[in-house]
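Asks: Pasting the sequence and the predicted model now:
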Protein chains: 2
Amino acid sequence: MYQTFLNLEVEKQHKIINSALKEFSINNYDTASTNKIIKDAKISKGILYHYFGSKKNLYLYLYEYVTTIFIDAINSRLDFEEPDIFKRYEQIMKIKLELIKQYHTLFDFLKKTYIETSLEVRSELDQSNLTLQNSSYESVFAGIDYDLFHKNIDSKKAIDTIRWVTDGISHRYEEQLKSNIDNSEAFNQLLEQCMEEANDYFQFLKQLVYKNTKR
Amino acid sequence: MYQTFLNLEVEKQHKIINSALKEFSINNYDTASTNKIIKDAKISKGILYHYFGSKKNLYLYLYEYVTTIFIDAINSRLDFEEPDIFKRYEQIMKIKLELIKQYHTLFDFLKKTYIETSLEVRSELDQSNLTLQNSSYESVFAGIDYDLFHKNIDSKKAIDTIRWVTDGISHRYEEQLKSNIDNSEAFNQLLEQCMEEANDYFQFLKQLVYKNTKR
DNA sequence: CTTAAATTGACCACATTGGTCAACTCATAT
DNA sequence: ATATGAGTTGACCAATGTGGTCAATTTAAG
């Protein structure tokens, strides 16, 4: 299945995938329009259905594709030996932001799949959702050294705080990053700026919650 | 204008407003359906257009209405004398969550108006957006006492952190709160639980960034 | 009983939907 | 050169939904 599609040049595949991700990120499954997708990807109606057979198949293909991309990126680039949770979060942040460079709306799409209610795809999503969930929070944060925290620090609260700060900084830069996907230089500069700011905040938090750091 | 609508019993007004807010929160302006609104609000097509004249007028009425509700709630319930930023945020959080009780999708709707791109309403939104922006961050956080922070604390970073933690906790409870709007008892219990949790985190942060608090 | 406002919902012309398919292009093999 | 078959096109389809209208009906008040 999808063989014809997979025989295309990778660039063309990416173009179609990104157009579809975009449409399904803005709209929910039912209101997303295949016509918009083909218009944006500059392909014909017929060929889209030749590639994917149906709207539903296209959607499920995207979900599997994007899930795989995300998991692979984490598995291949995350240092699972790193005991410092700040450095772990720094890595995750960088991996995510660099995925946006190639797949602008990957995480918007994933967010949408969580809340998708259309009966046409809901059960299929539930089935494979497990894959993503199992592989994420359990393993991604295994081996963190909680002894790095000051002894009378509530580490659960500290970790939540770190996550929320990370998300806050990401969101602050996301829009700018997205509007600079075509300008690789500007994108990388923004990314670096974002990572620097994250580091500033991480230093700030480390001073507060880690031991062996002076005030 | 809207006089016929304003002559309705307040309950019926609320029902229509909430149905419309809901539809415009889920969909963008163009894809939001007046048919869905009248179905949900259990009124006829004709009367909606008798009340508001057009889809555009309805949308702009909602925007003004919701903006006013929000600003009024802040102005009447926020203690502008309170110098402790944690208590300020606690108040804001409570005001927001209690507004959700009456207008389930108020903030989803507001969020959507920020990113609305339809040419039909964009310019009008821009014009009145100023109202909301001016009245918010400038005045809402005026008079905060920054001397409460430990002297070698970067107060900007601390404030950002507090805001992100507040948002994180709100989001953690928002979905549950929304699914309990009809059960006033459960709603209030959840709200209290949320405020308690926020307080826990605020205590946690206070210990870290305020002076005169022991570790 | 009259009158006028409130309300209904069938109806309009039009746009868009997911999907089909006959026709066409074009690279490759013989 | 020619034949073959996969790749590709876009006009077309029935179905559904759109914002908006309006003649007809209900309701309330004098």
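Replies: Received the coordinates, thanks.

Asks: Could you list the low-pLDDT ranges of chain A?
Replies: For chain A, the stretches with pLDDT under 70 are A:1, A:129-137, A:213-215.

Asks: got the residues of chain A near chain B?
Replies: Residues of chain A found near chain B (CB under 8 Å from any CB of the partner chain) are A:26-28, A:31, A:150, A:152, A:154, A:157-158, A:160-161, A:163-165, A:167-168, A:200-201, A:204-205, A:208-209, A:215. Any C-beta I mention is one placed from the backbone N, CA and C, and that applies to glycine too.

Asks: 7 Å - rerun?
Replies: Proximity of chain A to chain B is confined to A:31, A:152, A:154, A:157, A:160-161, A:164-165, A:168, A:201, A:204, A:208, A:215 under the rule CB under 7 Å from any CB of the partner chain.

Asks: Closest to DNA strand C out of those residues?
Replies: For the residues of chain A next to chain B, the minimum distance to DNA strand C (CB to the nearest atom of the strand) is 7.5 Å, reached by residue A:31.

Asks: Now for the residue in chain A positioned nearest to DNA strand D, how many residues are close by?
Replies: DNA strand D sits closest to residue A:46 of chain A, with a gap of 2.1 Å, by CB to the nearest atom of the strand. Neighbour count for residue A:46, taken as other CB atoms under 10 Å in any protein chain shown: 9.

Asks: mind listing the helices for chain A?
Replies: Ranges of helices within chain A are A:3-6, A:10-26, A:34-41, A:45-52, A:55-77, A:85-102, A:106-115, A:122-135, A:137-140, A:155-178, A:184-209, based on DSSP state H.

Asks: CSV for these, including distance to DNA strand C?
Replies: As requested, the helices of chain A are exported to CSV (distance: least, CB to the nearest atom of the strand, whole Å):
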stretch, distance to DNA strand C
helix A:3-6, 13
helix A:10-26, 9
helix A:34-41, 4
helix A:45-52, 3
helix A:55-77, 3
helix A:85-102, 25
helix A:106-115, 15
helix A:122-135, 14
helix A:137-140, 34
helix A:155-178, 23
helix A:184-209, 30
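
Asks: Out of these, which is closest to residue B:60?
Replies: When the helices of chain A are compared by CB to CB, helix A:10-26 sits nearest residue B:60, at 22.5 Å.

Asks: Next, count neighbours for the residue nearest to residue A:194 when sequence neighbours are not counted.
Replies: Once flanking residues are discounted, residue A:194 sits nearest to residue A:173: 4.1 Å by CB to CB, 6 or more residues apart in numbering or on different chains. When neighbours are defined as other CB under 10 Å, residue A:173 has 19 of them.

Asks: go on, the one 3 residues further on?
Replies: The number of residues packed around residue A:176, counting by other CB under 10 Å, is 14.

Asks: dump the residue contacts of it.
Replies: Neighbouring residues of residue A:176 by CB atoms under 7 Å, 6 or more residues apart in numbering or on different chains: residue A:190.

Asks: Kindly report the same for the one 10 residues further on.
Replies: Contact criterion CB under 7 Å, 6+ apart gives residue A:180 as the residues in contact with residue A:186.

Asks: residues from chain A in reach of DNA strand D?
Replies: With the criterion set to CB under 7 Å from any atom of the strand, chain A comes near DNA strand D through A:4, A:7, A:8, A:43, A:44, A:45, A:46, A:47, A:50.

Asks: Who wins on neighbours among those residues?
Replies: Among the residues of chain A next to DNA strand D, the one with the most neighbours (other CB under 10 Å) is residue A:43, at 18 neighbours.

Asks: what about it, distance to residue B:14?
Replies: Applying CB to CB, to the nearest Å, the value for residue A:43 to residue B:14 is 47 Å.

Asks: With residue A:209 instead?
Replies: In terms of CB to CB, residue A:209 sits 45 Å off from residue B:14.

Asks: So between these two, which is more surrounded?
Replies: Between residue A:209 and residue B:14, counted using other CB under 10 Å, residue A:209 has the larger neighbour count: 22 against 14.

Asks: close enough to count as contact, the more buried one and residue A:153?
Replies: Yes: in this structure residue A:209 lies within contact range of residue A:153 using CB atoms under 7 Å: 5.0 Å.

Asks: sorry, back to before: out of the helices of chain A, the one nearest residue B:185 is which?
Replies: Shortest distance between residue B:185 and the helices of chain A, using CB to CB, is found for helix A:106-115: 26.8 Å.

Asks: ok, and for that closest one, which residues are buried?
Replies: Residues A:106, A:107, A:108, A:109, A:110, A:112, A:113 are the ones in helix A:106-115 that count as buried (16 or more other CB atoms under 10 Å in any protein chain shown).

Asks: How about residues contacting it?
Replies: Defining contact as CB under 7 Å, 6+ apart, one finds that helix A:106-115 is touched by A:21, A:24, A:25, A:28, A:62, A:63, A:66, A:96, A:99, A:100, A:125.
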